[in-house]
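Visitor: I would like the atomic coordinates for the input below:
(one chain, ligands or ions: 3)
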Amino acid sequence: MEKQPRLLCSELCVQRRLYEVTLNCAILAWKDIQIAKKHTGRAIYGAVKAGSHCVPVCEIIAVQEKEDDSPCKDTGKWQKVPQSPADCQHAFTVFYIERTRQHCWRCSNVTFHCSEHSLCLLWVQTIREQLGLLTNRPKRLLVYINPYGGKQRGKQIYDHKVAPIFSRASISTDVIVTERANHARDHLKTEADLKKYDGVVCVGGDGMFSEIMHGLVSRMQQDASVDENSMEETLVPCGLRIGIIPAGSTDCICYATVGSNDPVTSALHIVVGDSQPMDVCSVHNENSFLRYSVSLLGYGFYGDVLTYSERKRWMGPARYDISGVKTFLSHRYYEGTVSFLPAEGNLGTPRDKMQCRSGCSICRQSSSDKLVSKDEDSVSDAECRDTWTVIRGKFLAINAANMSCACPRSPKGLSPSAHLADGTTDLILVRKCSRIDFLRHLLRHTNKDDQFDHSFVEVYRVKQFRFTPRYQECDSEVDLRESGAGGKRFLSQICREHRACGCMPSQSNWNCDGEILPQTAIQVRVHCQLITLFARGIEEQPVFEDPYTHCAI
Ligand SMILES: Nc1ncnc2c1ncn2[C@@H]1O[C@H](COP(=O)(O)OP(=O)(O)OP(=O)(O)O)[C@@H](O)[C@H]1O
Ligand SMILES: CCCCCCCCCCCCC/C=C/[C@@H](O)[C@H](CO)NC(=O)CCCCC
Ligand SMILES: [Ca+2]
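Guide: Ligands and ions are numbered 1, 2, ... in the order given. Purely as a prediction, here's the structure:
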């Protein structure tokens, strides 16, 4: 790595020991002088490392002069200080990010003592100047809190864990505690003065995030006169980044973009101004726009889990487990036709085990492809040129995972190799199978085994797809006539061909990021990198991480 010129270098005290402290535009480092001297010329790297610390400037949260603080007040013995204790009464504290357990960040701090007030001021001023150069950091945020999401702790989480971090980082906020569902969406869509802010923060779960995303995306389209009802339109990307402070039941968008559902970690990603672009799927029924989706579009199993769970909202996050078991036991299958446009180019496959991680090369490639192909051809041109694959059948579940959908219930997610920002979604078709086979498939979401390695599971990486349930297809009348009045008998009779599997034919609804869609025949298109989050994707574990404690050493 290229060596940066030093901006400052001083001998300062930390906890009554003398350190050589250096600052360049990339790194703040402090080295215990005694330990360093002891080992000069000897290659005892561990010992030298033990007394050395460094923090990238981009991971410094703030620096603050410490008033009226003197090490003389300490009762402990002085080990060796060059100055007299009275000389060391000036101090400043640097607050910085420390990595702890898996993908979690904490706010740590170190206080440097020095003899001269002017030296102390010089350090504070120089570090602040360096932080001022980091233009990606937000200064003013609009925060929406859902007080009823998850375990109803959104307000508490924000007040106790997040607000102090924003205030430490000198970020000013306008906070709105929502009073009803869709309050945040409507405010963003019609009222909010977005020019005043560098980003929007959502305190809640996936449903709350979805509100914020709908508000922002629709506002952008309105302002640019883009018709959301037309599937052919190229949508205008959102200029404002969105931060997620997890306080919901599943929190899969936060988990899959940060690697944890920890509010402090998310707040720190906002403070440092991280950016993670994300694909958004638009969902249409004929010529009407229904909703956007960023995580899961699920028909059949996940549609039914959601339908049952909505009646049990009072249970909080446990509602999904109860209705998961109920849905599994009912073992229904759904008939229909899925058509899709496969992804082309070097976008990998859902089974290639190339997980999307911080700085993902596949997503980066998609972003440059997007720039090149801008305005080259319209969707309808591409649609004519590309060939649609059509699959007709009986399914237990039809899932489209636009990202991994990793969450605490399933740490690798529904599609472990799906990408956050590649312009595609992974279409997973689980065909009708026995209960025990379906259970095997579900259990594999929670362990290391490949959930796609079953004869009844197919998975495709696609840019667009459509679904029509059997009862809405042109020839469905035949079935309805065959099966008696109103088709009711058709929907309730036990599957004739496979009596042994015990499946029941049925109708379901689409689960669109935790919302039930009213229509079952849908057309879906992926919009590459339409929104940006205050996140950086899941970081690879650093090589120097302790394998047992997962702490950086
Ligand atoms: N003040 C409010 N009163 C009632 N509902 C609200 C309010 N504010 C937001 N909501 C709605 O509550 C729904 C659920 O919220 P949220 O996503 O925060 O929690 P969750 O459903 O427990 O978590 P997850 O979506 O992760 O499963 C959202 O769809 C949102 O529209
Ligand atoms: C017998 C053991 C079976 C174990 C099966 C575990 C499988 C877990 C997969 C989890 C996938 C989550 C996908 C995320 C969807 C979110 O957009 C949505 C809104 O928050 N959540 C749900 O629909 C809630 C979905 C809840 C599913 C249980
Ligand atoms: Ca994607």
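Visitor: spit out the contact partners of residue 137.
Guide: Residues near residue 137 by C-beta atoms under 8 Å, 6 or more residues apart in numbering: 131, 169, 271-273. To be clear about C-beta, it is placed using only N, CA and C from the backbone, and glycine gets the same treatment.
Visitor: tabulate these (JSON lines), appending distance to residue 125 and neighbour count.
Guide: Formatted as JSON lines, the contacts of residue 137 follow (distance: C-beta to C-beta, whole Å; neighbours: other C-beta atoms under 10 Å):
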{"residue": "131", "distance to residue 125": "11", "neighbour count": "17"}
{"residue": "169", "distance to residue 125": "17", "neighbour count": "22"}
{"residue": "271", "distance to residue 125": "20", "neighbour count": "27"}
{"residue": "272", "distance to residue 125": "21", "neighbour count": "20"}
{"residue": "273", "distance to residue 125": "21", "neighbour count": "18"}
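Visitor: so which of those would you say is closest to ligand 3?
Guide: When the contacts of residue 137 are compared for distance to ligand 3 (C-beta to the ion), residue 273 wins out at 23.1 Å.
Visitor: please report phi then psi for the closest one.
Guide: For residue 273, the backbone dihedrals (degrees, to the nearest 10) come out as phi 70, psi 40.
Visitor: ok, it touching residue 134?
Guide: Yes. The pair residue 273 and residue 134 qualifies as a contact (C-beta atoms under 8 Å) at a distance of 6.8 Å.
Visitor: let's see which of the contacts of residue 137 end up in helices.
Guide: Among the contacts of residue 137, DSSP state H puts 131, 271 in helices.
Visitor: and the contacts of residue 137 near ligand 1, which?
Guide: Taking C-beta under 6 Å from any ligand atom as the test, ligand 1 is in contact with none of the contacts of residue 137.
Visitor: for the residue lying closest to residue 404 once chain neighbours are set aside, give its distance to ligand 2.
Guide: Excluding the flanking residues, the one nearest residue 404 by C-beta to C-beta, 6 or more residues apart in numbering is residue 413, at 3.5 Å. From residue 413 over to ligand 2 the distance is 7 Å, taken as C-beta to the nearest ligand atom, to the nearest Å.
Visitor: so residue 413, which state does it fall into?
Guide: For residue 413, the assignment made with DSSP: H, G, I helix; E, B strand; the rest coil gives coil.
Visitor: count of residues packed around it?
Guide: Residues near residue 413, counting by other C-beta atoms under 10 Å, number 24.
Visitor: and residue 365, by the same measure?
Guide: Neighbourhood size, residue 365 [other C-beta under 10 Å]: 14.
Visitor: from memory it sits against residue 354, does it?
Guide: No. Here residue 365 does not reach residue 354: they are 11.9 Å apart, not a contact under C-beta under 8 Å.
Visitor: check contacts around the spatially most central residue of the chain.
Guide: Residue closest to the average C-alpha location in the chain (C-alpha atoms, centre = their mean): residue 257, at 2.7 Å. Counting by C-beta under 8 Å, 6+ apart, residue 257 touches 244, 276, 278, 403, 420, 533, 535, 537-538.
Visitor: which of the residues you listed fall within strands?
Guide: Of the contacts of residue 257, the ones assigned to strands by DSSP state E are 244, 276, 278, 533.
Visitor: mind putting those residues in TSV, neighbour count, pLDDT and distance to residue 426 included?
Guide: Formatted as TSV, the ones in strands among the contacts of residue 257 follow (neighbours: other C-beta atoms under 10 Å; pLDDT from 0 to 100; distance: C-beta to C-beta, whole Å):
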residue	neighbour count	pLDDT	distance to residue 426
244	29	98	22
276	24	98	18
278	27	98	15
533	29	98	19
